[in-house]
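Engineer: have a look at this fold, sequence not included:
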C-alpha cells in the first residue's frame, strides 16, 4: 500500500488568519493519525506564514506515525531537522517569497550541495528525500548524491489529468522505472487529489508515499476530514 502523509500547512494558515490557536494544529494532527493517515507532513517557510518553527517542535512528540519535514535546507531549517530527527526530511528548493513549491532541484547544478546535505542527514539516521521534476536528466546523477528517496513534483500531471490529457503520466512512469533500477524510493506530491491519485498510483510502480495537503483539506471542507482520509486510503490500497 502507498502511504498517505497529510500536509497540515493549510490548517496552520487558517489558524494564523485570526490569531490565537483555533483550529488547533496539534489536535488536528492527532485526529488525522487517528483517522488512519500514515504520516504528517509540515513545510515551515522563513516567514512562518503557515506552519511555524515552534509548531514543528511541538508536533514532534505527538506524531506517532511518520513525521516528514519539508523545506529548503538553510541553516535554521537544517538545525531544526537535526534536533528533531524526524522520520524523513524532504529537501525543496523553494524561494523565500514563493507562494508554494513550484519546481524541483536541478541536481546537476546543485550536485555538490545536495551530496553534502543529504550525507549530513543520513549520518543522523534521517531518511532523506529530494523534490524533483519528472525529468530523467535530474535522476541520472542521483547515485552520486545518494538520497534514500525522491518526491516527484506532480503539478504538471494534475493539470493535464484534469484536461483529459492522461499521457501526462508518461514522464513520471519513465522516471519511476529508472528510480526503481537505481533502488531509490519514490514519493510524490503537489496537487494530487481524490480525482487523480488512484490513476497516478496505478501507473507508478513501487510508489511508497504521497504527501497531500491543499486538495485534502479543501475536500474535507465539503465532505469531512475523516471520510476524505478514508477515501484516500482506499484509493491508495
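Structural biologist: Now that the structure is in, tell me what you want to look at. Keep in mind that what you see is a predicted model, and the values were worked out from it rather than measured.
Engineer: model confidence score at the most centrally placed residue in the chain, please.
Structural biologist: Centroid-nearest residue in the chain: residue 211, 4.1 Å away (criterion: C-alpha atoms, centre = their mean). The per-residue pLDDT reported for residue 211 equals 98.
Engineer: ok, now residue 5?
Structural biologist: 98.
Engineer: that one against residue 211, yeah?
Structural biologist: Yes - if you go by C-beta atoms under 8 Å, residue 5 and residue 211 touch, sitting 4.6 Å apart. For the C-beta atoms, the positions are set from N, CA and C on the backbone; glycine is no exception.
Engineer: name the residues contacting each of the two.
Structural biologist: 39, 41, 68 (C-beta atoms under 8 Å, 6 or more residues apart in numbering).
Engineer: give me the beta-bridge partners of the nearest residue to residue 126 once chain neighbours are set aside?
Structural biologist: Of all residues not flanking residue 126 in the chain, residue 89 sits nearest, at 5.4 Å (C-beta to C-beta, 6 or more residues apart in numbering). Residue 89 forms beta bridges with residue 69, residue 128, as assigned by DSSP bridges.
Engineer: just the pLDDT at residue 89, thanks.
Structural biologist: 98.
Engineer: burial of it, as a residue count?
Structural biologist: 30 (other C-beta atoms under 10 Å).
Engineer: which residues sit in contact with it?
Structural biologist: 68-70, 73, 81, 121, 126-129.
Engineer: at 7 Å instead, please
Structural biologist: 69, 81, 121, 126, 128 (C-beta atoms under 7 Å, 6 or more residues apart in numbering).
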